[in-house]
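Visitor: what's the 3D shape of this:
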Amino acid sequence: MKRATFLFSFILILSLKSFASPRVEAFKLQDNRLITSVYINGKGPFAMMFDTGATNILSAQVAAQLGLAQHDQFTIQGGGQKPVLATYCDVNSWSFAKTDFPAGSFICADLSDMQQAIGFPRLDGLLGYEVFSRYRVKLDMAANQISLSDFSTPQEALPSGSTVHAFQMYGTTPIISGQIGGIPAWYLIDTGDRASLTLSQKFVTANSLQNKYLPQVTTMTGYGIGGSLQTSMAFADDFRIGERSFANPLIRMMEQDSPAFQEPALGGTLGMGLLRQFNLIFDYSRKTMTLMPAKAWAQDRSFDRAGMWLSQRDSNFLVADVVPGGPADQAGIRVQDQIVALNGQKTATLDLLTSKEYLKNKDVVAVQVTVLRNGKQMMAIIKLKDLVSLP
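Guide: The predicted structure follows:
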């Protein structure tokens, strides 16, 4: 009897230790977004974006694949201007980072336009507030790992150079006080934003930031729920949150009035272009974000040097936007052209996100593209150049 009691106690202790330890899941950094694996109703893995700026969203295609009943039709809006039709779909169980979450409802919407516009190999949904509100979350950018810990467990010792920043909640999204060029505002903390800083049109206009920062190019620079993002690009002098300052961040100034930025006090979003250079801890119970020094990534100051936005169209790359007077425009590339080969290699064999990174590379002088237009193919040479430069 004593032996049985000892064994039971031993097993219980092991179980408690296991539960108290951080639960870990890997992620891939794709276009400055964290793509991770989630299981729903025991099936998967499904590739989902880990996003502080979102609640749980499941693609309509995956919902149909799982046979989930959809109900209560409504519309949602994100960074784009158009409302997107959505429903709720009920899941019996879902798990992430070796952690089971209770049954509940996901928002279901068609994410295929966003997936193709950005070039994600897969985008089955978004994972957000439902995780951050239940666990302390650490993003290890060097190890490509997401760790979940109970709020009640002691927080790890912080390395030298770490800073802790208080935030407030704006609905289900954390917001933080910051200053750009000495101008104060609130910023949504958005790990689903690929840029460093995206400034709202209202904030830009109210503070004459177009005149202050003199944008060097205006073009499509992203795609969110609801459509494309047209922004003007420039380097700011500095951005500050608390005691931490960022020199010369590359900023996006919105050229459209997005539904995401209707609150006058909101300056915009603080995205992964800046945040990726740190290991991060989000603690929603304490309402703090911790930035810890990391060496995996630098601040993202890169920008497309071809002057065109490419989306996925079947096995080809669709030209969704062209910068007037830019390299692609000068080479005769037009919106709605389809690129079928890049430097002689068929786009069917290429990854779109990798190709976009190639077009940012300052060591690349020119690229040869084979273009499909009105059923006919033509070849062109695009001479790359910097479209946005540090002052």
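
Visitor: all contacts plus neighbour counts: C-alpha atoms, from now on.
Guide: Fine.

Visitor: please parse this protein into its domains.
Guide: In the assignment given by the TED database, the structural domains of the chain cover 24-138, 161-277, 308-383.

Visitor: I'd like to know which of the ones you listed is closest to residue 151.
Guide: Put simply, out of the domains of the chain the one that sits nearest residue 151 is domain 24-138, at 5.6 Å, with distance taken as Cα to Cα.

Visitor: for that closest one, give the mean pLDDT please.
Guide: Mean pLDDT, taken over the full extent of domain 24-138, equals 96.

Visitor: distance from it to the middle of the chain?
Guide: In terms of Cα atoms, centre = their mean, to the nearest Å, the centre of domain 24-138 is set 13 Å apart from its chain centre.

Visitor: picking up where we left off before, make CSV from the domains of the chain and add distance to residue 144 to it.
Guide: Formatted as CSV, the entries for the domains of the chain read as follows, by distance: least, Cα to Cα, whole Å:
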stretch, distance to residue 144
domain 24-138, 5
domain 161-277, 11
domain 308-383, 18
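
Visitor: right, and those - which one's nearest residue 390?
Guide: Taking the domains of the chain one by one with Cα to Cα, domain 161-277 is closest: 6.2 Å.

Visitor: how far away from the center of its chain is that closest one?
Guide: Domain 161-277 has its C-alpha centroid displaced from the chain centroid by 13 Å (Cα atoms, centre = their mean).

Visitor: so which residue is dead centre in the chain?
Guide: The residue lying closest to the centre of the chain (Cα atoms, centre = their mean) is residue 192, at 2.6 Å.

Visitor: can you confirm that one is in a helix?
Guide: No. Looking at residue 192 with DSSP: H, G, I helix; E, B strand; the rest coil, it is coil, so not inside a helix.

Visitor: my read: it touches residue 35, true?
Guide: No. With contacts counted by Cα atoms under 8 Å, residue 192 stays clear of residue 35, the gap being 9.9 Å.

Visitor: intersection of neighbour lists for these two?
Guide: By Cα atoms under 8 Å, 6 or more residues apart in numbering, residue 192 and residue 35 have these common neighbours: 49-50.

Visitor: quick one on the thing from earlier: out of the domains of the chain, which comes closest to residue 155?
Guide: The minimum distance between residue 155 and these falls on domain 24-138, with 8.9 Å, by Cα to Cα.

Visitor: grab the nearest non-local neighbour of residue 367.
Guide: Computed as Cα to Cα, 6 or more residues apart in numbering, the closest residue to residue 367 that is not its neighbour in sequence is residue 382, at 5.3 Å.

Visitor: distance of the one you found from residue 370?
Guide: Residue 382 sits 11 Å away from residue 370, taking Cα to Cα, to the nearest Å as the criterion.

Visitor: packing partners for the helix or strand encompassing the residue nearest to residue 367?
Guide: Residue 382 is part of strand 376-383 when elements are defined by DSSP states H and E. In this structure, strand 376-383 packs against helix 327-330, strand 366-373, with contacts taken as 3 or more Cα pairs under 8 Å, 6 or more residues apart in numbering; DSSP states H and E.

Visitor: in that strand, what counts as buried?
Guide: Buried residues in strand 376-383, defined by neighbour count with 16 or more other Cα atoms under 10 Å: 379, 381-383.
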